[in-house]
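Participant: need a structure here:
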Amino acid sequence: MPDTKEQATVWRETISTVREEIGKVIVGQEEVVEQLLWCIFAGGHALLEGIPGLGKTMLVRTIADTLELSFSRIQFTPDLMPSDITGTNVIRFGPQGTNEMVFQPGPVFSQIVLADEINRATPKTQSAMLEAMQEQTVTVSGETRRLPQPFFVLATQNPLENEGTYPLPEAQLDRFMLKINVNYPTPNELKQIVHRTTAAEQPHAVRQATAEQLLEIRQTAKEILLADEVLDYGISLLMMTHPQEASAPESVRKYVSFGSGPRGIQSMVAIAKVRALCKGRWHVSTGDLAAVAVPTLRHRLFLNFEGQAMGISTDSLIEEIIAKLESSR
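Facilitator: Numbering: from 1, shown residues only. Okay, here's the model as predicted:
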């Protein structure tokens, strides 16, 4: 255990260095960067939601450069086909007139895949990402191939435009460990963005960690201790997202149709362990679970018609649940 704790201290410093390197390219968005790193080191996938032009693509590319991971970007459109993502078998002609079928890998065969505007593709194409996200494999023509490790899908969607889009089904939303809202920058941040992007030399991130180190950090995070009392707190929080639960707040019973499934608590614990590691602790606290509850559960609560009509935010419902849970302790 002492050796492991000592290694955990080294990994905490590595994560801090990665965060600082990203900050040399990305202006502001500290909370977004922090949550993305939590997700990556926990081995999950993230859904980023924000208006165009906030640097989501640049952020994902910068993270890939900082961690020295292969990167590919898929621009989702209504005419995108599943084979455009996974790859397909093509005929290769030899010099002697012979030919053979060879597999041409698609862009999903990268370590970080940016699925840009994922809600613009048809459900058939969206489903092509399901096996890749869950099983870390791709099956083409009956043959299953492993994806490179580590493997992460970071998807984006624009909340302003609904015309010509296909909302992600609940099954696919649930496979994203976090849903991260990318907010508009402040005036001071906008000023820095203009200076950086219009200067003669553009800032570039350099490698601060490797894929092998990332996998080791992920394994170390899994060894962070979780007490039963802390887990009970997380389960109580999750159960209070269900409207039929007696302890749920009145607003949840009134506006929520379905609460979070089991993946919600699995994601909360996995992210909370990484957060504890980043804070230099060898155990998860209830504060860790409360801090990660909003990004892990906001896309797992489904509002009823009244909640949607009233413009109720799932974030406010989760915060109300946390407040009620804290007051009852």
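
Participant: how about stretch 294-311: buried residues?
Facilitator: Along stretch 294-311, these residues count as buried under the neighbour rule (16 or more other C-beta atoms under 10 Å): V294, P295, T296, L297, R298, H299, R300, L301, F302, L303, G307. Just so you know, the C-beta spots here come from the backbone N, C-alpha and C atoms, and that holds for glycine as well.

Participant: phi, psi of the closest residue to the last one other than its chain neighbours?
Facilitator: In other words, G307. The shortest distance from G307 to any residue that is not its chain neighbour, by C-beta to C-beta, 6 or more residues apart in numbering, is 3.2 Å, and that residue is Y255. When quoted as degrees, to the nearest 10, the phi and psi of Y255 stand at phi -110, psi -10.

Participant: what about Y255, how many neighbours?
Facilitator: By other C-beta atoms under 10 Å, the residues close to Y255 number 23.

Participant: that one touches A309, doesn't it?
Facilitator: No. Under the criterion of C-beta atoms under 8 Å, Y255 makes no contact with A309, lying 9.6 Å away.

Participant: hang on, the earlier thing: I'd like the buried residues of stretch 294-311 written out as CSV, with secondary structure and distance to K56 added.
Facilitator: Formatted as CSV, the entries for the buried residues of stretch 294-311 read as follows, by DSSP: H, G, I helix; E, B strand; the rest coil; distance: C-beta to C-beta, whole Å:
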residue, secondary structure, distance to K56
V294, helix, 19
P295, helix, 15
T296, helix, 19
L297, helix, 21
R298, coil, 17
H299, coil, 16
R300, coil, 21
L301, coil, 23
F302, strand, 25
L303, strand, 25
G307, helix, 27
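
Participant: what about the closest residue to R120 other than its chain neighbours, how many neighbours?
Facilitator: If you skip the residues right next to it in sequence, R120 has F76 as its closest partner in space, 4.8 Å away by C-beta to C-beta, 6+ apart. Using other C-beta under 10 Å, F76 has 23 neighbouring residues.

Participant: quick one: contacts for F76?
Facilitator: Applying C-beta atoms under 8 Å, 6 or more residues apart in numbering, we find F76 in contact with A115, D116, E117, I118, N119, R120, A121, T125, Q126.

Participant: ditto for Q29
Facilitator: Q29 makes contacts with L54, G55, L59, V182, N183, P185, as judged by C-beta under 8 Å, 6+ apart.

Participant: now, which of the residues you listed sits nearest G264?
Facilitator: Proximity of the contacts of Q29 to G264 (C-beta to C-beta) peaks at V182, which lies at 21.8 Å.

Participant: how about the closest residue to that closest one other than its chain neighbours, phi and psi?
Facilitator: Nearest-residue entry for V182: G50, 3.0 Å, with adjacent residues in sequence omitted and distances by C-beta to C-beta, 6+ apart. The main-chain torsion angles of G50 are listed as degrees, to the nearest 10 and equal phi -180, psi 160.

Participant: and what of the one 3 residues further on?
Facilitator: G53 adopts backbone torsions of phi 90, psi 10, taken as degrees, to the nearest 10.

Participant: what's the burial count for it?
Facilitator: With neighbours defined by other C-beta under 10 Å, the count for G53 comes to 10.

Participant: from now on call the first residue 32
Facilitator: Yep, numbering from 32; the last one is G84 now.

Participant: show me what whichever strand or helix holds L262 is in contact with.
Facilitator: Counting by DSSP states H and E, the element that carries L262 is helix 259-270. Applying C-beta under 8 Å, 6+ apart, the external contacts of helix 259-270 come out as 276, 278-279, 290-291, 295-296, 299-300, 303, 314-317, 320-321, 324, 328, 352-353, 356.
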